[in-house]
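# no letters, just coordinates:
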């Protein structure tokens, strides 16, 4: 009986122990589970950092507010020995809500019990997540516009043996490498220990690149296409084709102007004379006769310019009929103008000593006949056209028009104090109001050749 009573007492004590220990433990476990569940669903795990910002224990809206505040700061960027300060907005960088939620809630969304285990681990372990930012199209635009010029000289253009323009690099112009800056911003975001970024730099394109491209486009039209040469005499024609390689032996180009954006054409005298001599030996109907070098030279220049300007390519037209009309016996010293040829010939002692391409009347016909120079001026003014005419040599006065006709350089107007030449005033084509116009440089030579009383004979 005593043994039975003892057992009952032991069982009673055990029941009381279970009630006092297990039940409160259950309560504590359930409470802990509820807290963990709250973290899993509403809070970012402890010790979660973005840079130097601790967003642990925060809700998603609270973390978003902290990031937005960080995005109002500016970024300091060192470019060689210069420092710049730009805002995130200026650089096209903004908060990515989707990325923020994905990054900060990654452990929360793991399956049970792994999410609980990571929660417990987060109290003692720091977790750093990437910057939840987005680089918009504005970032690309910003870097495209950001050019850093440390140059003391500008790049130069030069023409090579292939008659193509290349760039001599002298400039020190740089752009920021987009990948480098992107990575530095992401890795240093909200990190207070990083005071300035130093992204990699890339050499910027030459400032001469657009000019080089434009010039080469014009030169390819000249030197990469075969040239048709047509020779005629008395109604008989014969044609040959000059290859681009052969054309390069006849002419080359150089650059002109302060910005090297102009093209000067140089005819190789020896090459052209050799070519004309070959023609005189191979083309049957001109055998033993001579083609005018001066005319061929001027026409070749005209063809090259026409090609450069993308005008219709009619080829090089040569004729035994080219050359001066007179035979040198008009006067001991005189000027001949051939309107049909658009040519001027200077005679002295019965010999042609120079010839030049000219432009004659378009808006009013150039008078024909024999005249003399009756007045000269280094610079004359036309009241009719309101233009200045350098190296004026008057040869005819019209009572009908109450106006003088003369020989002069291509005229120009003054616009805001700067000289402006009419783009249509191309020497070699009719473009004047009846005068005879010469190109820059040629008019001065004729002005020095001609004196008062010098004979001028003009053929239609």
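Thanks, I have the structure now. This one's a predicted model, so the numbers in the text were calculated from it and none came from an experiment. Numbers count the residues shown, from 1 in each chain.

# can you show me the helices along the stretch 101-250 of the chain?
Ranges of helices within the stretch 101-250 of the chain are 114-122, 137-145, 178-188, 209-223, 244-250, based on DSSP state H, counting those that start in this stretch.

# actually the stretch 301-450 of the chain, not the one I typed
Per DSSP H, counting those that start in this stretch, the stretch 301-450 of the chain carries helices over the ranges 442-449.

# residue 211 and residue 154 touch, don't they?
No: under the criterion of Cβ atoms under 8 Å, residue 211 is not in contact with residue 154, lying 11.0 Å apart. The C-beta positions use only the backbone N, C-alpha and C, and glycine is treated the same way.

# between the two, which one's more packed in?
Per other Cβ atoms under 10 Å, whichever of residue 211 and residue 154 has more neighbours is residue 211, with 18 against 15.

# how much space separates the more buried one from residue 456?
Plainly put, residue 211 is 41 Å away from residue 456 if you go by Cβ to Cβ, to the nearest Å.

# now the residue nearest to residue 427 when sequence neighbours are not counted: how far from residue 410?
Nearest residue to residue 427, sequence neighbours excluded (Cβ to Cβ, 6 or more residues apart in numbering): residue 439, at 4.3 Å. In this view, residue 439 and residue 410 are 6 Å apart by Cβ to Cβ.

# residue 197 too?
Distance from residue 197 to residue 410, by Cβ to Cβ: 56 Å.

# quick one: residues contacting the residue nearest to residue 427.
Listed by Cβ atoms under 8 Å, 6 or more residues apart in numbering, the contact set of residue 439 reads 356, 357, 409, 410, 427.

# hmm, the last one is touching residue 438, no?
Yes: under the criterion of Cβ under 8 Å, residue 427 makes contact with residue 438 at 6.7 Å.

# any regions of the stretch 101-250 of the chain where pLDDT drops low?
Along the stretch 101-250 of the chain, the parts satisfying pLDDT under 70 run over 233-235.

# quick one: residue 202 from residue 86, how far?
Distance from residue 202 to residue 86, counting by Cβ to Cβ: 18 Å.

# for residue 381, which non-adjacent residue is closest in space?
residue 388 is the one closest to residue 381 (Cβ to Cβ, 6+ apart), at 5.7 Å.

# over to residue 386?
Leaving out its chain neighbours, residue 386 is closest to residue 413 (Cβ to Cβ, 6+ apart), at 6.5 Å.

# neighbours of the one you found, just the number please.
Using other Cβ under 10 Å, the number of residues around residue 413 comes to 14.

# if I read this right, the residue nearest to residue 381 contacts residue 380, doesn't it?
Yes: using Cβ under 8 Å, residue 388 makes contact with residue 380 at a distance of 7.4 Å.

# please report how far the residue nearest to residue 427 lies from residue 94.
In terms of Cβ to Cβ, residue 439 sits 60 Å off from residue 94.

# show me the domain layout of the protein.
Annotated domains of the chain cover 1-38, 43-207, 212-319, 333-459 [automatic domain parsing].

# do I have it right that residue 255 meets residue 266?
No: between residue 255 and residue 266 there is no contact under Cβ under 8 Å: 11.4 Å.

# neighbour count: those two, which is higher?
Remark: of residue 255 and residue 266, residue 255 carries more neighbours, 17 against 10, as counted by other Cβ under 10 Å.

# how far away is that one from residue 323?
Relative to residue 323, residue 255 is positioned 32 Å away (Cβ to Cβ).

# picking that back up, dump the helices of the stretch 101-250 of the chain into a markdown table; add distance to residue 392 as well.
Below are the helices of the stretch 101-250 of the chain laid out as a markdown table (distance: least, Cβ to Cβ, whole Å):
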| stretch | distance to residue 392 |
| --- | --- |
| helix 114-122 | 94 |
| helix 137-145 | 51 |
| helix 178-188 | 60 |
| helix 209-223 | 33 |
| helix 244-250 | 35 |
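
# and residue 159, which of the ones you listed is closest to it?
When the helices of the stretch 101-250 of the chain are compared by Cβ to Cβ, helix 209-223 sits nearest residue 159, at 8.2 Å.

# what are the buried residues along the closest one?
211, 212, 215, 216, 218, 219, 221, 222, 223 (16 or more other Cβ atoms under 10 Å).

# state the pLDDT value of the residue nearest to the fifth one when sequence neighbours are not counted.
This points to residue 218. Using Cβ to Cβ, 6+ apart and skipping the chain neighbours, the partner closest in space to residue 218 is residue 308 (4.3 Å). Per-residue pLDDT puts residue 308 at 87.

# repeat that for the one 10 residues further on.
According to the predicted model, the pLDDT of residue 318 comes to 81.

# and if you look at residue 323?
Per-residue pLDDT puts residue 323 at 74.

# ranges for the strands of the stretch 251-400 of the chain?
251-256, 262-267, 316-319, 333-338, 343-348, 351-359, 369-372, 375-382, 387-398 (DSSP state E, counting those that start in this stretch).

# where among these is average confidence lowest?
Here the lowest mean pLDDT among those goes to strand 316-319, at a mean of 82.

# and the closest residue to residue 80 other than its chain neighbours, what does it touch?
In space, and not counting its chain neighbours, residue 80 is closest to residue 150: 6.5 Å by Cβ to Cβ, 6+ apart. Neighbouring residues of residue 150 by Cβ under 8 Å, 6+ apart: 80, 172, 173, 174.

# out of these, who's nearest residue 327?
Looking across the contacts of residue 150 and measuring by Cβ to Cβ, the closest to residue 327 is residue 173, at 61.8 Å.

# contact partners for that closest one?
Contact partners of residue 173, counting by Cβ under 8 Å, 6+ apart, are 147, 148, 149, 150, 151, 203, 204, 205, 206, 207.

# buried among the residues you listed? Need that as a selection in PyMOL.
Applying 16+ other Cβ under 10 Å to these, the buried members can be selected in PyMOL as follows:
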select buried, resi 204+206
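
# quick one: the closest residue to residue 149 other than its chain neighbours and residue 218, what's the gap?
Leaving aside its chain neighbours, residue 149 sits nearest to residue 173 (4.9 Å; criterion: Cβ to Cβ, 6+ apart). Separation of residue 173 from residue 218 (Cβ to Cβ): 25 Å.
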